[in-house]
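with the input below, show me the fold.
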Amino acid sequence: MELGSSFYDQVGNKSEVACWRYEHDKQMWLITRKSDHREYYAQEAQFKSWTEIDLKSLLHAPFYDPEPNQRGRG
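Prediction:
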C-alpha cells in the first residue's frame, strides 16, 4: 500500500476530494477523489503537504465514520 505523499507533486492533485473517512481496520485515513482515486494517510500531519486547493476541497467534502468511537471528530 502506498501512502498519500507519493501521489503528489509540487502542484498537488487537482481532482478534488469526494469524501474522506478513517479506516479503523487499517488505522489510516482514506481520501477518495472525484476521479475515484484512493489515497491512504497514516497520520493527520501528512495533510500539511496538501495545497490550498486540496484543503478547501477537503473542508467541503463529507466525512464518514460509522464507528461509535469516531477519530477526528474532536
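
below-threshold pLDDT in the protein: ranges please.
1-14, 68-74 (pLDDT under 70).

what sits against the spatially most central residue of the chain?
In the chain, the residue lying closest to the centroid (Cα atoms, centre = their mean) is residue 31, at 3.2 Å. By Cβ atoms under 8 Å, 6 or more residues apart in numbering, residue 31 lies in contact with 4, 17, 20, 38, 39, 40, 41, 58. Quick note: C-beta positions are derived from backbone N, CA and C, even for glycine.

now list the buried members of those.
When those are checked for burial by 16 or more other Cβ atoms under 10 Å, the buried set is 4, 17, 20, 39, 40, 41, 58.

tell me the one of those nearest residue 26?
residue 40 (7.0 Å; Cβ to Cβ).

just to check, the closest one is in contact with residue 28?
Yes: under the contact definition of Cβ atoms under 8 Å, residue 40 touches residue 28, with a separation of 4.7 Å.

so what sits against both of those two?
With Cβ under 8 Å, 6+ apart as the test, residue 40 and residue 28 reach no residue in common.

ok so, going back, for residue 49, state which of the buried ones among the contacts of residue 31 is nearest.
residue 4 (8.2 Å).

show me what residue 28 bridges to in the sheet.
Counting by DSSP bridges, residue 28 is bridged to residue 23.

that one and residue 38: what is the separation?
11 Å (Cβ to Cβ, to the nearest Å).

how long is stretch 22-31 end to end?
9 Å (Cα to Cα, to the nearest Å).

contacting residues for residue 61?
Counting by Cβ under 8 Å, 6+ apart, residue 61 has contacts 16, 17, 18, 19, 20.

which residues touch the residue nearest to it when sequence neighbours are not counted?
Once flanking residues are discounted, residue 61 sits nearest to residue 17: 4.1 Å by Cβ to Cβ, 6 or more residues apart in numbering. Contacts for residue 17 (Cβ under 8 Å, 6+ apart) come out as 31, 32, 33, 34, 54, 57, 58, 61.
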